[in-house]
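**Student:** requesting a structural model of the entry that follows:
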Amino acid sequence: ERVRVGLRRVRLRDLEERAEGGDGKARRAWERLAKPAARLLEAEPGRLRRAPLWLTRGQMEQLLHALSVVYREPQGAEVFLAEDFSIAVRLGAGNSNLLVVGESQTGKSTLVGCLLAQLAASPWAPENVLVLDWAGEYAFLERYGFRVIEALDPVCNPLALGPRAALEVLEEAAYEHFQSERGRLLQSPAVAEQAERALSEALEAGEGGTLLDVARALRERAQRARAEWERDAALAALRRIWPLVHPALCAGEWALPLGRVVVDLSRLPGASVKRAVALTLLRTIYAGAGRWRGLVVVDELHSYAVPAGGRYDCPTITAIANQLSKFGVAIWGVGQHYHLVPSGLRGARVVAVFRQADPDALRAVELSMGREAAETVRRLPPRQFYLFADCSVPAVRAPPPLAGRVAPLMAASKASRENRQLDFSQFAASFGIAYVDLVELYVRCLPHAGAIIRFALKQASPEEVEEVRKLGLTTDELRAATQLLAIRYGLQ
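**Tutor:** Presented below is the predicted three-dimensional model:
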């Protein structure tokens, strides 16, 4: 009586009772199951143990489709990818990974936004959801209870994991950012020694330390080095972590943001800075396995792809997908081309493929799902996707009705963030301030932004004047901080 299909089970007599009790979906499913179900229910248990149950291909497809429609997992947050198909997100209970790929304007981001909006409404949703928003499309989730943090503000502090884990985070994030071995901190013993000592000095500086303290420690070690090799090693370590020195990675107390958070990367200048910040966040999640449990959503997967063994991959994303499910971490990926998807996500529990026209992408779809799937994906119209899941017959489906309400919200969110980028390196050069000093000034002044801006406009209250005075800024520093904060908050 208990039938196993993929990884799911259903008791046919329960389905029959629900159908007889007036459940419309159960009744329609039971009608599809009529023939195979009759054979199962009328068979003797002994016979089922002795011989296999033979079903035609058509009957098996009917059975699988019916189970995917009526089956509901008893635990977890249920989200609908289509009107007649849902999955339950259950952290720590196996594979809850999801992959959505498709060309621009096909509806892939809208589908993921729809799923996140459903998660926000579920009482069983993961406590921590971290969305790495490449283009600013998911800021609309603020109306669904998410907290939106712009990556211009402090978000993460890898050093909060401790010196050993922090060194691992910097090593792997720098390697993937540079996309070559020259990003390795630990490849040279001399460079590794300088990095380890700088980390120790930063953590001993008080209040945990940040990457700013590491960069400053390396710079000072290079200046006071007596031997040439020691100076060169300190400078080499500084060059490797330099792309990771950014306000987003200089949070004071916490390693990763908690709760349901959207990290908006759209205002960072260029793909290189976005990738450095996002990879450090992802590597921090991996290094902190067991400390942070939740769902991480990565947008624009192709932006993280690096050549690896004749194909493209992202080692950090693959490691999270393959190794962290047992620690209560799931990952959802959104990308444009299937052949640029990290290998770990190709084994996701559910794969939704919107239209693909790139020959390499179609070839990858054919290798993973078959020639029929590749041909179907090539002909798909917008707003429809090919669903490949462990509990459903592969079929073309459309997003649920909620997607129609989510799409305009996402478009408005993205439009409001276009052409508002802030490049700290260019700003430092224009003011003649060292980059590390400017980042430190910005992070220190950010909590007092309102008082500083009103002080510059001569509209500050006496309390705000005193607040600014206590910062101890020089005239040049105050001028730079004012202009920087005005750009940050869209006042210029």
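**Student:** helices or strands up against whichever helix in the chain runs longest?
**Tutor:** Counting by DSSP state H, the longest helix found in the chain is helix 270-287. Under the contact criterion of 3 or more C-beta pairs under 8 Å, 6 or more residues apart in numbering; DSSP states H and E, helix 270-287 touches strand 129-133, helix 163-178, strand 294-298, helix 315-323. All C-beta spots, glycine's among them, are computed from the backbone N, C-alpha and C.
**Student:** okay, buried residues for the last one please.
**Tutor:** Within helix 315-323, the residues that qualify as buried are P315, T316, I317, T318, A319, I320, A321, N322, counting by 16 or more other C-beta atoms under 10 Å.
**Student:** the helix or strand following that helix versus helix 270-287: what angle between them?
**Tutor:** For helix 315-323, the following helix or strand on the C-terminal side (DSSP states H and E) is strand 329-335. Counting by axes from the mean of the first three to the mean of the last three C-alpha atoms, to 10 degrees, strand 329-335 points 160 degrees away from the direction of helix 270-287.
**Student:** run the chain-centre distance for strand 329-335.
**Tutor:** Relative to the centre of its chain, strand 329-335 is centred 6 Å away, using C-alpha atoms, centre = their mean, to the nearest Å.
**Student:** how about that strand: buried residues?
**Tutor:** Under 16+ other C-beta under 10 Å, the buried positions of strand 329-335 are V329, A330, I331, W332, G333, V334, G335.
**Student:** neighbouring strands - and their directions - for that strand?
**Tutor:** strand 98-101 (parallel), strand 294-298 (parallel) (DSSP bridges).
**Student:** what angle sits between it and strand 129-133?
**Tutor:** 20 degrees.
**Student:** immediately after strand 329-335, which helix or strand?
**Tutor:** strand 350-353.
**Student:** same for that next one, what does it pack against?
**Tutor:** Applying 3+ C-beta pairs under 8 Å, 6+ apart, one finds that strand 350-353 makes contact with strand 98-101, helix 359-369, strand 385-389.
**Student:** now do the end-to-end distance for stretch 364-374.
**Tutor:** When the termini of stretch 364-374 are compared using C-alpha to C-alpha, to the nearest Å, they are 8 Å apart.
**Student:** for the record, mean pLDDT for that stretch?
**Tutor:** Mean pLDDT, stretch 364-374: 90.
**Student:** with stretch 462-472 instead?
**Tutor:** Taken as a whole, stretch 462-472 has an average pLDDT of 92.
**Student:** which of the residues in that stretch are buried?
**Tutor:** E464, E467, V468.
**Student:** with stretch 341-357 instead?
**Tutor:** Going by 16+ other C-beta under 10 Å, stretch 341-357 has these buried residues: 341-346, 348-356.
**Student:** of the residues you listed, closest to V273?
**Tutor:** For the buried residues of stretch 341-357, the residue nearest V273 by C-beta to C-beta is P342; the value is 20.8 Å.
**Student:** report pLDDT for that closest one.
**Tutor:** P342 is given a pLDDT of 93.
**Student:** who's in contact with it?
**Tutor:** Neighbouring residues of P342 by C-beta atoms under 8 Å, 6 or more residues apart in numbering: L301, Y304, A305, D313, C314, I317, T318, A321, G333.
**Student:** show me the shaky parts of the protein.
**Tutor:** 1-13, 32-75, 93, 179-187, 205-208, 391-392, 418-419, 492 (pLDDT under 70).
**Student:** all strands of the stretch 51-200 of the chain, in order?
**Tutor:** 77-82, 85-89, 98-101, 129-133, 147-150 (DSSP state E, counting those that start in this stretch).
**Student:** and of these, who's closest to A173?
**Tutor:** strand 129-133 (13.5 Å).
**Student:** who does the closest one pair up with?
**Tutor:** strand 260-264 (parallel), strand 294-298 (parallel).
**Student:** only alpha carbons, please: show the last one as PDB.
**Tutor:** By that I understand strand 294-298. Taking Å, rounded to 0.1, in the frame of the first residue of the first chain, the C-alpha atoms of strand 294-298 are listed here in PDB:
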ATOM      1  CA  GLY A 294      19.500  29.400   6.900                       C
ATOM      2  CA  LEU A 295      18.800  29.900   3.200                       C
ATOM      3  CA  VAL A 296      21.200  31.900   1.000                       C
ATOM      4  CA  VAL A 297      20.000  33.100  -2.400                       C
ATOM      5  CA  VAL A 298      22.600  34.000  -5.100                       C
END
